[in-house]
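**Student:** With the sequence up front, the predicted model follows.
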Amino acid sequence: MKINIQQLDNSYSDELIDLILTIQQKEFNVPITIEDQPDLKQIESFYREPGGNFWGAFIEGELVGSIALVKFDERAGAVRKMFVKKEFRGKELNIAQELLGVLVSFCRENGIHSIYLGTVTILKAALRFYERNHFVEVEKENLPTRFPLMNADNVFYSLHLKENQTV
């Protein structure tokens, strides 16, 4: 199976909403709706225009994963919308790792040195994934003041990119 990762724009909103809400609501019972995430209908204005981006992982034309970067400061960004469909997760396809690699490369190319993210404790595999990739847990009160908080998040991480570090 060949994985194709590409930038997304507003034309992918419906596919993204289907992917993300299914995982949030049905798989993990996170009490979140599309109304809580209007950014999914504004990919270009919310993510890309301020200097971030949004990527999707496709296998045979099907959207199976996503990751986004919100640039919230001159040299800092927040990882958002990191999701991989259940049946495509794991080391075999390594989709999450590929997506994170694309985001980190984008950050390096665009002078973003610090990456932050918020997630929820229920997502144990996600927590292990971030820690394996050198993210360090940060107390909420130590986040940058402009970090875009999401209500559901209760665990926070940061990664400060070093010159030769790979993820």
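**Tutor:** Yes, it's here.

**Student:** just the strands in the chain please.
**Tutor:** Counting by DSSP state E, the chain has these strands, from start to end: 3-7, 53-59, 62-73, 76-84, 114-119, 136-138, 155-160.

**Student:** what residues does the second one touch?
**Tutor:** Okay, so that is strand 53-59. With contacts defined as Cβ atoms under 8 Å, 6 or more residues apart in numbering, strand 53-59 is touched by 1-9, 12, 15-16, 43, 47-48, 63-69, 81, 84, 88, 93, 95, 98-99, 102-103, 106. Heads up, the C-betas are built off the backbone N, CA and C, glycines and all.

**Student:** and that strand, how far from the chain's centre?
**Tutor:** What separates the centre of strand 53-59 from the centre of its chain is 10 Å, taken as Cα atoms, centre = their mean, to the nearest Å.

**Student:** So what are the sheet partners of it and their directions?
**Tutor:** strand 3-7 (antiparallel), strand 62-73 (antiparallel) (DSSP bridges).

**Student:** try the last one
**Tutor:** If you go by DSSP bridges, strand 155-160 pairs up with strand 114-119 (antiparallel), strand 136-138 (antiparallel).
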